[in-house]
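Chemist: coords below, sequence missing:
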């Protein structure tokens, strides 16, 4: 690869990420590279080829092909990072406002959280299939463990539990989480743990623990795909029509707390977010029913007394 080529820069950075074991992030850069090469129609893309007009055209190209704004943002941020590294290395020219007008934020439009009643059905609805029973145990645990992400549940070990307290570092952010396990949760935990193979170092039966490096990452992706398929089957079995995924449980936990007026700082700490801003982006708005109740109460507190005093 030629020096001064964005393709070479991304490939070198991908190799660096793999050395650090950050295979998920490496995949994100591969996806961005594949997309940008397809747009440019070139195997080698000089840094000089990238200008603001080109980036705006690329954004329009992505949107025309049905990419979400969040996907656009991810690809653009990957390209921006590599370009900035090239500027620091003297391989690319500094261009003020190069990414101005290009979307690099986060947009949370899709409803991910389930209303409390639907979440209750997912955790307590009647299920006949034994495999779905195991899935429901996992859902209950993820909700009980502060909306734990599936990646963290899958990598838990017995060593993470001491004297009734669960302690672990989040796989994604490295944030330290420590919570007391409710006594009602231990039977659920033990039942699911009983399904784990004797040779596995993990607490629950999602990963073998026998693979390393990128092979371990691929095994995890397979486990996540199976989990999401089973979760959809569980939702169908209890009569839910709302789309669900592993993220649904985490978002539902956070939204349930928000609807109960729990301070966002507390929700942020429970989720293991590094900043409240992340939590604010993460949470969807209040439900229409909740907003309607508040709106009605506000209206009545001001209007109705005056209305009655005036005699209609």
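Modeler: Good, I have the coordinates. Every value quoted in this text rests on a predicted model; they were computed, and no experiment measured them.
Chemist: Outline the domain layout of this structure.
Modeler: Using automatic domain parsing, the domains assigned to the chain come out as 6-88, 116-289.
Chemist: Including distance to residue 106 and mean pLDDT, could those go into a markdown table?
Modeler: Yep, even glycine has a C-beta here, placed from its N, CA and C like the rest. Shown next, in a markdown table, are the domains of the chain (distance: least, Cβ to Cβ, whole Å; pLDDT from 0 to 100):
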| stretch | distance to residue 106 | mean pLDDT |
| --- | --- | --- |
| domain 6-88 | 6 | 96 |
| domain 116-289 | 5 | 90 |
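Chemist: closest to residue 103 out of the ones you listed?
Modeler: Closest of the domains of the chain to residue 103 is domain 6-88, at 5.3 Å (criterion: Cβ to Cβ).
Chemist: quick revisit: can I get the domains of the chain in CSV including distance to residue 105 and mean neighbour count?
Modeler: As requested, these are arranged in CSV below (distance: least, Cβ to Cβ, whole Å; neighbours: other Cβ atoms under 10 Å):
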stretch, distance to residue 105, mean neighbour count
domain 6-88, 6, 16
domain 116-289, 9, 16
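Chemist: Rebuild these as JSON lines, extending it with distance to residue 95.
Modeler: Shown next, in JSON lines, are those (distance: least, Cβ to Cβ, whole Å):
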{"stretch": "domain 6-88", "distance to residue 95": "7"}
{"stretch": "domain 116-289", "distance to residue 95": "28"}
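Chemist: Report the spatially closest residue to residue 99, excluding sequence-adjacent ones.
Modeler: Excluding the flanking residues, the one nearest residue 99 by Cβ to Cβ, 6 or more residues apart in numbering is residue 80, at 5.5 Å.
Chemist: unless I'm mixing things up, that neighbour is touching residue 103, no?
Modeler: No: using Cβ atoms under 8 Å, residue 80 is not in contact with residue 103; the gap is 11.6 Å.
Chemist: before we move on, back to that, what's the closest of the domains of the chain to residue 295?
Modeler: Nearest of the domains of the chain to residue 295, taken as Cβ to Cβ: domain 116-289 at 10.0 Å.
Chemist: Pull the distance from that closest one to the chain's centre.
Modeler: The chain centre lies 12 Å from the centre of domain 116-289; the measure is Cα atoms, centre = their mean, to the nearest Å.
Chemist: How far does that domain stretch from one end to the other?
Modeler: Terminal residues of domain 116-289 are spaced 12 Å apart (Cα to Cα, to the nearest Å).
Chemist: Check stretch 144-156 too.
Modeler: 14 Å.
Chemist: Ok, stretch 150-160 next?
Modeler: End-to-end distance for stretch 150-160, by Cα to Cα: 16 Å.
Chemist: Residues contacting stretch 137-154, please?
Modeler: Identification of contacts with stretch 137-154 by Cβ atoms under 8 Å, 6 or more residues apart in numbering yields 119, 122-123, 166, 168, 170-172, 177, 179, 181-182, 185, 188-189, 191-192, 202, 204, 206-207, 220, 223-224, 227, 231, 234, 246-247, 249-254, 270-272.
Chemist: what about the strands in the stretch 51-200 of the chain?
Modeler: 161-162, 165-169, 176-180 (DSSP state E, counting those that start in this stretch).
Chemist: helices or strands up against the second one?
Modeler: By that I understand strand 165-169. The contact analysis (3 or more Cβ pairs under 8 Å, 6 or more residues apart in numbering; DSSP states H and E) places strand 165-169 against strand 176-180.
Chemist: Report all helices and strands that the strand it packs on contacts.
Modeler: Partner elements for strand 176-180 (3+ Cβ pairs under 8 Å, 6+ apart): strand 165-169.
Chemist: and stretch 63-74, how far apart are its ends?
Modeler: 13 Å.
Chemist: I'd like the distance from it to the chain centre, please.
Modeler: 17 Å.
Chemist: Please pull up the helix or strand immediately following the helix ranked longest in the chain.
Modeler: With secondary structure taken from DSSP state H, the chain has its longest helix at helix 213-237. Per DSSP states H and E, the first helix or strand lying C-terminal to helix 213-237 is helix 246-259.
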